[in-house]
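Structure for the following, please:
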Amino acid sequence: MTTTLSHWAAVAKVLGRSGSLLRGTTYHTPYPRDDLHVVVEGNIVITPELALGAHVAFVRYADGTTMCMGDVAVTEKELQRVVDAWQANGIALTALHKHLPAQRPDVWWVHVHGHGQDELALARALRAGFDRTGIPPATPSGPPSPVALDIAGIEAALGAKGSSDGVVYKVVFARRETIHDGHLVLPSGLGATSAFIFQPLGKGRAALSGDCVMLAEEVQNVLGALRRGGIQLVELHNHHLTDSPRLFFTHFWAVGDAVELAKALRPAVDATNVVPTTS
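Sure, this is the predicted structure:
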């Protein structure tokens, strides 16, 4: 169903922070891990915007129910107590994995899912898990500053425009197919996207992180394309339990010239049935 921000005011109050409405259907709330200092491969400090985020999204359906899903970064010390809180409150875990290689401290990503008549109950259940993490309170952000990367070169290489929050540059592609999770149709761009995120390191170089969404028959072509481009594979897994068509995701990592990294990603994009999205 199409909604407005005012429809989600009570959910925002329960979650303790405001979110944004994407494409008129998806209420999205970020939980960046600004409290963490994570180093990858011994010397690269990761910004929360690159790979230390968490988010939850809510969607209303015509039958009066609400679905929520999210991807939450938690430390290894937090993981079990957060999982226990969600399980005790009826939130399903659909995936558990890592996004980054050789990181310290160890961070895990938990995918969560809920569906029911009471959207505030879902929000309270999610909050029970968040309250067992060190995620800090939300802070207001100002207008984004330019990112010190060759944005035009990245966009030309990937054949798509992205967006910047002043810290990283991100290009997102969504699956063209209609994706179902069980009997629910997912709005375009929810839970079925490829995201390529560039964190500037100076002199045109960037740390690259993100994931690529694939059908089973696309997986090997994408993995091969990434490796031929010198991009490290970190994970191969599912994010959902009952999606149709069945989706697979590979998380990856690389460091190098940002435009060259974008060029290396392009064959992987071309091997999947996706379209650029602005959100």
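
who touches residue 65 in this structure?
Neighbour list for residue 65: 115, 116, 117 [criterion: C-beta atoms under 8 Å, 6 or more residues apart in numbering]. C-beta: built from backbone N, CA, C; applies to glycine.

cool, residue 261 as well?
Residue 261 sits next to 198, 206, 208, 229, 231, 254 when contact means C-beta under 8 Å, 6+ apart.

Next step: these restricted to helices.
Among the contacts of residue 261, no member falls in helices (criterion: DSSP state H).

Would you reformat these as a markdown table and include pLDDT, distance to residue 126 and neighbour count?
Listed next are the contacts of residue 261 as a markdown table, based on pLDDT from 0 to 100; distance: C-beta to C-beta, whole Å; neighbours: other C-beta atoms under 10 Å:
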| residue | pLDDT | distance to residue 126 | neighbour count |
| --- | --- | --- | --- |
| 198 | 98 | 29 | 28 |
| 206 | 98 | 32 | 28 |
| 208 | 98 | 30 | 22 |
| 229 | 97 | 37 | 19 |
| 231 | 98 | 33 | 21 |
| 254 | 98 | 32 | 19 |
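
Closest one of the residues you listed to residue 189?
Sorting those by how near they are to residue 189, with C-beta to C-beta, puts residue 198 at the top with 19.7 Å.

Regarding the one residue sitting closest to the centre of the chain, what is its secondary structure?
Centroid-nearest residue in the chain, with C-alpha atoms, centre = their mean: residue 71, separated by 6.3 Å. Secondary structure for residue 71, judged by DSSP: H, G, I helix; E, B strand; the rest coil, is strand.

how deep is the closest residue to residue 12 other than its chain neighbours tucked in, by neighbour count?
Among residues not flanking residue 12 along the chain, residue 18 sits closest, at 4.9 Å (C-beta to C-beta, 6 or more residues apart in numbering). By the other C-beta atoms under 10 Å criterion, the neighbourhood of residue 18 contains 16 residues.

Run through the neighbouring helices and strands of the host helix or strand of residue 225.
Taking DSSP states H and E as the criterion, residue 225 maps to helix 219-228. Other helices and strands packing on helix 219-228, by 3 or more C-beta pairs under 8 Å, 6 or more residues apart in numbering; DSSP states H and E, are strand 205-214, strand 232-237, strand 248-257, helix 258-270.

which residues in the protein form helices?
Counting by DSSP H, the segments of the chain that form helices are 9-15, 48-51, 76-88, 119-130, 151-158, 219-228, 258-270.

Give the other helices and strands that the third one contacts.
Counting contacts by 3+ C-beta pairs under 8 Å, 6+ apart, the secondary-structure elements packed against helix 76-88 are strand 92-97, strand 107-116, helix 119-130.

which strands and helices sit next to the last one?
Other helices and strands packing on helix 119-130, by 3+ C-beta pairs under 8 Å, 6+ apart, are helix 9-15, strand 55-60, strand 66-75, helix 76-88, strand 107-116.

mind running it again at 10 Å?
Secondary-structure packing of helix 119-130 (3 or more C-beta pairs under 10 Å, 6 or more residues apart in numbering; DSSP states H and E): helix 9-15, strand 26-30, strand 55-60, strand 66-75, helix 76-88, strand 107-116.

Out of the ones you listed, which is closest to residue 164?
Of all these, the one in closest proximity to residue 164, counting by C-beta to C-beta, is strand 26-30 (15.3 Å).

okay, the angle between that closest one and strand 55-60?
Following axes from the mean of the first three to the mean of the last three C-alpha atoms, to 10 degrees, one obtains 160 degrees for the angle between strand 26-30 and strand 55-60.

can you give me the angle strand 26-30 makes with helix 119-130?
Between the axis of strand 26-30 and that of helix 119-130 there is an angle of 20 degrees, by the same axes, to 10 degrees.

ok, back up a step: can you say which of the helices of the chain is packed in most?
helix 48-51 (a mean of 23; mean count of other C-beta atoms under 10 Å).

who does that helix touch, helix- and strand-wise?
If contacts are counted by 3+ C-beta pairs under 10 Å, 6+ apart, helix 48-51 sits against strand 38-40, strand 169-175, strand 193-202, strand 205-214.

can you tell which of these is closest to residue 185?
Of all the helices and strands packed on helix 48-51, the one in closest proximity to residue 185, counting by C-beta to C-beta, is strand 169-175 (12.6 Å).

Tell me where the model's unsure across the stretch 51-200 of the chain.
Scanning the stretch 51-200 of the chain with the threshold set as pLDDT under 70 gives 142.
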